[in-house]
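*Asks:* generate a structure from the sequence data that follows.
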Amino acid sequence: MYKDIQFILTKDGSHTLYIPELDEYYHSIHGAINESVHVFLKAGFSHHPLLNIRVLEIGFGTGLNTILTMTRSAEENRTVTYHTVELNPLPVDIINRLNYPQLLKGTSKEIFVKIHDIPWNTEQEITSSFKLKKILTDIQDYKPAGRYDLVYFDAFAPDKQPEMWKQDILLKIYNMMDEGGILTTYSSKGGIKRKFENCGFHVEKIPGPPGKREMLRCLKKI
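*Replies:* Residues are numbered from 1 along each chain as shown. Model prediction:
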């Protein structure tokens, strides 16, 4: 569990969290919601053609990507099975202070709290078209039951959490994905791009969210 977590109001009015012991933020200070929408929803979820889609998120964190995907799936009339891996869940008092439900259209405080309150390691139906399973483990130890169509790679930055960006971890994720699967991440460093390419991905640099010139979208070729 991280200590002395601080609330930061980002440029779009939404919260991010700062961890002094890592000198790292959960989301961009240029806009937490804007970053998640750009990197994971627009570049990943809405870009994928499947209407019935299995999503894997690396890093549940604040639950922002989860709640955004749930609301976007309702807007696009899509069915989602959403699995998210997290080793260090945030405490309830931190979750209750996040301002995402007040800012996101179509999201209630009750639903946001629910996605955090459901038991770990058990798949739960949040809505009739959105199933959620939170897995309390490290990605190195995770053994999925099936393959994924879409991966949100939302680990902390490579210089803050280098163990998450090792070649063997990225290859493990590649092997968890179905052919035609998409992975998106905010990082666009040359060394990271080469690691994804070495796994077998077709990697493209695309425009990044506010505060970042580029990001990566990786395709597991058919």
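
*Asks:* partner residues bridging residue 54?
*Replies:* Taking DSSP bridges, one obtains residue 81 as the residues bridged to residue 54.

*Asks:* hmm, residue 145 and it touching each other?
*Replies:* No - contact criterion Cβ atoms under 8 Å: residue 54 and residue 145 do not qualify, at 10.4 Å. Placement of C-beta: from N, CA and C, glycine included.

*Asks:* between these two, which is the more surrounded one?
*Replies:* residue 54 (22 against 7; other Cβ atoms under 10 Å).

*Asks:* how close does that one get to residue 134?
*Replies:* Note on residue 54: its distance to residue 134, by Cβ to Cβ, to the nearest Å, is 15 Å.

*Asks:* any low-confidence regions in the chain?
*Replies:* Within the chain, the ranges that satisfy pLDDT under 70 run 1.

*Asks:* how about the longest helix seen in the chain: buried residues?
*Replies:* In the chain, with assignment by DSSP state H, the single longest helix is helix 64-75. Buried positions in helix 64-75, judged by neighbour count with 16 or more other Cβ atoms under 10 Å: 64-73.

*Asks:* also stretch 126-142?
*Replies:* 126, 130-135, 139, 142.

*Asks:* redo the residues you listed as a markdown table? Include distance to residue 98 and secondary structure.
*Replies:* Shown next, in a markdown table, are the buried residues of stretch 126-142 (distance: Cβ to Cβ, whole Å; DSSP: H, G, I helix; E, B strand; the rest coil):
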| residue | distance to residue 98 | secondary structure |
| --- | --- | --- |
| 126 | 17 | strand |
| 130 | 19 | strand |
| 131 | 23 | strand |
| 132 | 17 | strand |
| 133 | 21 | strand |
| 134 | 16 | strand |
| 135 | 21 | strand |
| 139 | 24 | helix |
| 142 | 25 | coil |
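
*Asks:* give the partner strands of whatever helix or strand residue 217 lives in in its sheet and their orientations.
*Replies:* Under the criterion of DSSP states H and E, residue 217 resides in strand 214-219. If you go by DSSP bridges, strand 214-219 pairs up with strand 177-185 (antiparallel), strand 202-207 (antiparallel).

*Asks:* done for today, thanks.
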